[in-house]
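In: After the sequence you'll find the predicted model.
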Amino acid sequence: MSIQNQFNAQQAFFNTNTTKPYAFRYQMLSKLEATIKTHQAEFETAIFKDLHKSPFELYATEVGFVLRSIREAKRDLKKWMRVKKEKTPFFQIGSKSFKMAEPLGTVLIIGPFNYPFQLVVEALVGAIAAGNTVIIKPSELTEHTEKAMAKHFNAAFEPTYLSVVTGGIETTQELIQLPFDHIFFTGSTKVGQIVYQAAAKNLTPVTLELGGKSPTIVDATAKLAVAARRIVYGKYLNAGQTCIAPDYIYVEKSIEAAFLEELKKAIEQFYPAQTDDLSHIVSLRHLERLKGLIDPEKVFYTQESQGAQRMAPTVMRNVTWSDKVMQEEIFGPILPVLTFNSLDEVIIKIKSQPKPLALYLFTESQAAEKKVFEELSFGGGAINDTIMHVANPHLPFGGIGASGIGKYHGKTSFDTFSHHKAFMKKTTLFDPKVLYPPYDDKAVSMIKKVLK
């Protein structure tokens with residue numbers, strides 16, 4: 001079936017209203033959960049072949065992550081779908097106001113390569129819960145995961161309801177030209193711009209989960225050993241191929257030397273030579289790009305190469321904004337360290353850059369917390385931790401400005417794939433004539449009092 005015919009068939013199925021009842025949505029969430037559990041070993045093998053994630057990391061950030069999301073969506077679905085009564089102004093006496101979540105229609109989910117399973121299924125959970133039909137386009141760069149999802153999801157679900165479409169750039173370009181009711185894209189800012197432009201032609205709303213250079217600030221009050229461990233964990237998870245990984249560090253000049261030693265100690269503890277806990281870079285092309293960002297004269301710490309598609313954890317010091325590594329999102333295991341003397345200078349510099357997807361602050365100072373979190377704009381973040389805000393389904397996740405449009409996770413995913421329809425119901429027991437023309441002075445006087 002052609003992509004156009006697939007799209008048309010899903011629109012037709014959506015218009016039968018089959019996807020709207022609670023029972024159907026719950027059943028589809030259960031089917032998704034059962035499909036993942038039944039073929040879990042095959043999904044995990046596919047992800048490992050693509051990125052060589054360790055068993056712990058693979059389950060925690062891919063399969064286990066989404067299974068938890070499905071369970072929570074099933075638990076809360078009825079509450080999410082409930083028609084909500086809203087306040088009504090006193091001058092509309094005799095009326096009641098409501099808000100109702102309805103599905104958008106037929107939606108497109110375009111996945112990335114870095115978390116090729118989680119970042120597709122996490123969005124899919126929201127789309128199913130909200131009652132939509134869905135076309136999925138996984139990343140072709142993680143071909144084993146793409147094939148596994150296509151094989152098992154397409155076997156489990158009717159194509160008129162949910163289908164996985166495979167292929168390269170041409171397939172994605174064909175998909176984004178279609179008048180979907182929503183496009184959910186996770187990936188680079190450059191490709192996000194292309195998706196956004198195509199969607200605009202059809203006035204299709206979008207969620208763009210992008211990235212950027214997410215800063216980490218470490219001031220002189222921070223507990224350095226703790227900060228180093230948590231930064232190393234967040235940075236080198238999935239070999240740095242995480243959109244909310246600490247992209248670079250601003251450390252207060254007076255503690256730079258001590259902090260760098262703690263970073264080195266944490267890296268050597270977490271990732272000894274020939275470790276199996278460090279993921280692969282997704283492709284040789286991406287690996288070559290990363291190598292080109294490193295200035296050998298500014299390397300503070302690195303290790304020997306650990307295989308054809310592995311890149312050793314690397315820390316750079318004496319870095320400035322003119323260095324190549326600071327010109328683009330790194331998306332790999334390279335950690336540049338810059339220094340500062342005043343928090344104000346850091347804030348001024350970060351404000352001059354595109355708004356980041358995440359920001360992390362390590363401090364024991366409440367004044368520093370208040371200053372940084374009130375003055376800087378970013379998608380989400382943490383104080384004295386990295387990346388873990390993404391694991392809380394009660395926190396909306398997404399970017400701002402160049403780092404993204406829209407949010408998801410938990411109830412927010414349901415809201416993203418829903419239209420919140422507002423309506424009123426008015427009594428017919430009385431119908432004041434003063435509301436209707438012709439209007440006399442008495443009517444004008446009354447409306448001025450009511451709306452003063």
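Out: Received the coordinates, thanks. Quick caveat: nothing in here was measured; it's all calculated off a predicted structure.
In: which residues does the closest residue to residue 253 other than its chain neighbours contact?
Out: Nearest non-adjacent residue to residue 253, counting by C-beta to C-beta, 6 or more residues apart in numbering: residue 339, 4.3 Å away. Every residue, glycine included, has its C-beta placed from N, CA and C. By C-beta atoms under 8 Å, 6 or more residues apart in numbering, residue 339 lies in contact with 250, 251, 252, 253, 256.
In: Tell me the buried residues within the residues you listed.
Out: 250, 251, 252, 256 (16 or more other C-beta atoms under 10 Å).
In: Once you drop chain neighbours, what's closest to the third one?
Out: When you say that, I think you mean residue 252. Nearest non-adjacent residue to residue 252, counting by C-beta to C-beta, 6+ apart: residue 220, 4.5 Å away.
In: Three-state assignment for the one you found, please.
Out: On the three-state scheme (DSSP: H, G, I helix; E, B strand; the rest coil), residue 220 is labelled coil.
In: thinking again about what came up before, please work out the average pLDDT along the helix or strand hosting the residue nearest to residue 253.
Out: Secondary structure assigned from DSSP states H and E places residue 339 in strand 334-340. For strand 334-340, mean pLDDT is 98.
In: Next: stretch 102-110.
Out: Mean per-residue pLDDT for stretch 102-110: 98.
In: that older thread, after the strand holding residue 339, which helix or strand is next? Please name it.
Out: Tracing the chain past strand 334-340, the next element assigned as helix or strand by DSSP H and E is helix 343-351.
In: by contact count, what packs against that following helix?
Out: strand 215-218, helix 366-375 (3 or more C-beta pairs under 8 Å, 6 or more residues apart in numbering; DSSP states H and E).
In: can you rerun that using 6 Å?
Out: The contact analysis (3 or more C-beta pairs under 6 Å, 6 or more residues apart in numbering; DSSP states H and E) places helix 343-351 against no helix or strand.
In: Pull the distance from that helix to the chain's centre.
Out: Mean-position distance between helix 343-351 and its chain equals 26 Å (C-alpha atoms, centre = their mean, to the nearest Å).
In: One more: stretch 400-420?
Out: A distance of 9 Å separates the centroid of the chain from that of stretch 400-420, by C-alpha atoms, centre = their mean.
In: Could you list the buried residues of that stretch?
Out: For stretch 400-420, the neighbour count (16+ other C-beta under 10 Å) marks 400, 402-419 as buried.
In: Quick check: the gap between residue 339 and residue 345.
Out: Remark: distance between residue 339 and residue 345 (C-beta to C-beta, to the nearest Å) = 10 Å.
In: Pick the one among the buried ones among the contacts of residue 339 closest to residue 381.
Out: Within these, the smallest distance to residue 381 is 13.7 Å, found for residue 250 (C-beta to C-beta).
In: counting contacts, what elements does the one helix or strand the closest one maps to pack onto?
Out: Taking DSSP H and E as the criterion, residue 250 maps to strand 248-252. Strand 248-252 sits against strand 215-218, strand 334-340, with contacts defined as 3+ C-beta pairs under 6 Å, 6+ apart.
In: Contacts for it next, please.
Out: With contacts defined as C-beta atoms under 6 Å, 6 or more residues apart in numbering, strand 248-252 is touched by 216, 217, 218, 219, 220, 259, 336, 337, 338, 339, 340, 346.
In: Identify the farthest-apart pair in those residues.
Out: Using C-beta to C-beta, the contacts of strand 248-252 span at most 19.9 Å, a distance reached by 220 and 336.
In: Compare neighbour counts for these two and give me the winner.
Out: Between residue 220 and residue 336, residue 336 has the larger neighbour count (other C-beta atoms under 10 Å), namely 27 against 16.
In: Looks like that one contacts residue 319 (just checking).
Out: Yes: with contacts counted by C-beta atoms under 6 Å, residue 336 reaches residue 319, the gap being 4.0 Å.
In: elements contacting the helix or strand containing residue 79?
Out: Per DSSP H and E, residue 79 falls inside helix 64-81. Helices and strands touching helix 64-81, by 3+ C-beta pairs under 6 Å, 6+ apart, are helix 22-38, helix 118-129.
In: and the helix or strand just after that helix, what other elements does it pack with?
Out: Counting by DSSP H and E, the next helix or strand C-terminal to helix 64-81 is strand 84-86. Where contact means 3+ C-beta pairs under 6 Å, 6+ apart, strand 84-86 is packed against strand 95-103.
In: angle of the strand it packs on against helix 64-81?
Out: On the basis of axes from the mean of the first three to the mean of the last three C-alpha atoms, to 10 degrees, strand 95-103 is oriented at 150 degrees to helix 64-81.
In: Now do the buried residues in strand 95-103.
Out: Under the neighbour-count criterion of 16+ other C-beta under 10 Å, strand 95-103 has 97, 101, 103 buried.
In: Which single one of those is nearest to residue 62?
Out: Distances from residue 62 to those, taken as C-beta to C-beta, are shortest for residue 103 (26.7 Å).
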